[in-house]
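Asks: Show me the folded form of this:
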Amino acid sequence: MTENADEPARAAAGPASSEGAQASTAAVSRRRLIVGAAGTAAAGAALGAGVTAAVLGSNERGAASVPGASGTDSVDLTRSVPFYDQVHQVGIRTPPQRHCVYMTFNLTAGATQQSLQVLLARWSAAISQLVQGKSIGPIEPSRPDAVSVDTGEASGLAPASLTVTVGLGPGVFDDRFGLAAKRPALLANLPRIPGDVLQPGLTGGDLSLQACADDPQVAYHAVRNLARMVTSTAQTHWVVLGFGRASAGPGQETPRNLMGFKDGTRNVSTDVDYESFVWLKDADWMTGGTYQVARKVLMTIETWDFDRISDQQRIFGRTKLEGAPLSGTKEFDTPDFALKADGAHVIDQASHIALAAPENNGGVKILRRGYNFTDGLNSQGLLDAGLLFLTYQNDPQHFVGLQQKLGSFDLLNEYIRHVGSAIFAIPPSPKAGRYIAQELFE
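Replies: Numbering: from 1, shown residues only. From the prediction side, this is the model:
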């Protein structure tokens, strides 16, 4: 432990006075953080001990529910999801919300073990406030020369089921911070996978934040304000603004990806599958945690849109409207990969569902929690859009094995490009009064 190692615990425990917090900002210079598709300039945040937990008072919250696009799903914007005292971090098994802002960070050359502790403690305190729909500090400081602690764009908005999931990348456990002995057993950079065309600016990262909410402004506000806290400890790396969840939870209708097909029909859903394939057991400080893989997948949408429907359905192995396997009639019919007609397999063996099916991969499953995204137009004037593919698994090799197979043989590869990739350890939920991954430093 470092000389002032009790500071992170104080930061996670509760608020300090706002006047003291404002005084601590005097020497903090303004810096630019890119926190959106076009970038957003933000002032350096006040970083007095515990200031991120300061609350000036609850805003009035609306009580409206928003019906789902299908008419069968609905969301309660007043719902809040607790951050502390859960067995697992929220935002994993939590029913997928409508929107996601995903951001990664790189720790700077000047980062220390203590500054990493302080950042994780302040993030934890801030997240616990944000998920309740509360501000993390003064929006309108009493002194005219003071900088707002909370940027304010979520003031008056309900919590909207906000969750923020924090991840630790392989770089956290290198020689810089003295944490190598506590590296999660299976945390390592992903190998190159067939078909990858990864861009350095969209690859890797030391820390990740996944903010999901049923209101896009609530999710954006959370990441924007958490990003302001990194100051000299880290810098933003890559970000994806997701919309239109591409996975379903209990009571939710299976959503569609930007190719128009239902996505995640056979996703992990039962207690048995979560215990078998998602949560870590007997893993020391990571028990109850998991591993997150993030992939940014571009789709050549214009080309796809001109493909005939029979070919699209052959590529996925499902009907487009109902989402039924080509061997059945209803979405949740179990695919029959052996069924043939006129000497050929009804479901092409190189189709997406055939290659990814547990039956064809030794029973292996991964939890998919993806979101659609769009970044407008690319330099050729074509749609720059696709899938933010987020997965959770207790063994990253499960993802690697599946993706190596898909990258080599999937008929869908003609229409997609994997351009971004990263892996993170997701610690279990912190107890109240503690902070995320505090066990690392004890």
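Asks: Quick one: the strands in the stretch 301-442 of the chain, in order.
Replies: Using DSSP state E, counting those that start in this stretch, the strands of the stretch 301-442 of the chain run over residues 340-341, 344-345, 367-368, 371-377, 383-393, 416-426.
Asks: Check the offset of the third one from the chain's centre.
Replies: Looking back up the chat, that one is strand 367-368. The gap between where strand 367-368 is centred and where its chain is centred comes out at 12 Å by C-alpha atoms, centre = their mean, to the nearest Å.
Asks: Tell me the helices and strands packed up against that strand.
Replies: Here strand 367-368 touches strand 383-393, going by 3 or more C-beta pairs under 8 Å, 6 or more residues apart in numbering; DSSP states H and E. Where you see a C-beta, it was placed from the backbone N, CA and C, and this is true even at glycine.
Asks: what angle sits between the strand it packs on and strand 371-377?
Replies: Taking axes from the mean of the first three to the mean of the last three C-alpha atoms, to 10 degrees, one finds strand 383-393 and strand 371-377 inclined to each other by 150 degrees.
Asks: What's the mean pLDDT across stretch 408-418?
Replies: Averaged across stretch 408-418, pLDDT comes to 98.
Asks: Could you check it and say which residues are buried?
Replies: Residues of stretch 408-418 classed as buried: F409, D410, L411, L412, N413, Y415, I416, R417, H418 (neighbour count, 16 or more other C-beta atoms under 10 Å).
Asks: coming back round to it: include distance to T78 when you put the strands of the stretch 301-442 of the chain into CSV, please.
Replies: Rendered in CSV, the data for the strands of the stretch 301-442 of the chain read as follows (distance: least, C-beta to C-beta, whole Å):
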stretch, distance to T78
strand 340-341, 52
strand 344-345, 49
strand 367-368, 27
strand 371-377, 23
strand 383-393, 26
strand 416-426, 27
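Asks: out of these, nearest to G204?
Replies: Minimum separation from G204 across the strands of the stretch 301-442 of the chain (C-beta to C-beta) falls at strand 416-426, 5.3 Å.
Asks: counting contacts, what elements does that closest one pack onto?
Replies: strand 163-168, strand 207-213, strand 290-299, strand 383-393.
Asks: so how many other residues sit close to L258?
Replies: The local packing of L258 (other C-beta atoms under 10 Å) involves 18 other residues.
Asks: so who does the spatially closest residue to it that is not a sequence neighbour touch?
Replies: In space, and not counting its chain neighbours, L258 is closest to N372: 5.2 Å by C-beta to C-beta, 6 or more residues apart in numbering. Shown in contact with N372 (C-beta atoms under 8 Å, 6 or more residues apart in numbering): G242, F243, G244, A246, N257, L258, A385, G386, L387, L388.
Asks: Can you select the buried ones among these for me in ChimeraX?
Replies: Listed next is the ChimeraX selection for buried residues among the contacts of N372, using 16+ other C-beta under 10 Å:
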select :242,243,244,246,257,258,385,386,387,388
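Asks: any chance of the contacts of N372 in a markdown table, plus pLDDT and distance to F399?
Replies: Putting those into a markdown table (pLDDT from 0 to 100; distance: C-beta to C-beta, whole Å) gives the following:
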| residue | pLDDT | distance to F399 |
| --- | --- | --- |
| G242 | 97 | 19 |
| F243 | 95 | 24 |
| G244 | 90 | 23 |
| A246 | 90 | 16 |
| N257 | 97 | 18 |
| L258 | 98 | 22 |
| A385 | 98 | 23 |
| G386 | 98 | 18 |
| L387 | 98 | 15 |
| L388 | 98 | 15 |
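Asks: out of the strands of the stretch 301-442 of the chain, nearest to H352?
Replies: strand 416-426 (9.9 Å).
Asks: could you give the angle of that closest one to strand 207-213?
Replies: Following the same axes, to 10 degrees, one obtains 100 degrees for the angle between strand 416-426 and strand 207-213.
Asks: Can you convert the helices and strands packed on strand 416-426 into JSON lines and add a column each for distance to A222?
Replies: Shown next, in JSON lines, are these (distance: least, C-beta to C-beta, whole Å):
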{"stretch": "strand 163-168", "distance to A222": "6"}
{"stretch": "strand 207-213", "distance to A222": "4"}
{"stretch": "strand 290-299", "distance to A222": "17"}
{"stretch": "strand 383-393", "distance to A222": "16"}
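Asks: so which of these gets nearest L119?
Replies: When those are ranked by distance to L119, counting by C-beta to C-beta, first place goes to strand 207-213 at 8.1 Å.
Asks: Which residue comes closest to M299 once chain neighbours are left out?
Replies: Across the structure, with C-beta to C-beta, 6+ apart as the measure, the residue nearest M299 apart from its sequence neighbours is G386 (4.2 Å).
Asks: Give me the distance between that neighbour and G167.
Replies: For G386, the distance to G167 (C-beta to C-beta, to the nearest Å) stands at 21 Å.
Asks: D384 and R417 touch, don't they?
Replies: No. In this structure D384 lies outside contact range of R417 using C-beta atoms under 8 Å: 11.2 Å.
Asks: Common neighbours of these two, please.
Replies: Between them, D384 and R417 share the neighbouring residues L298, with contact defined by C-beta under 8 Å, 6+ apart.
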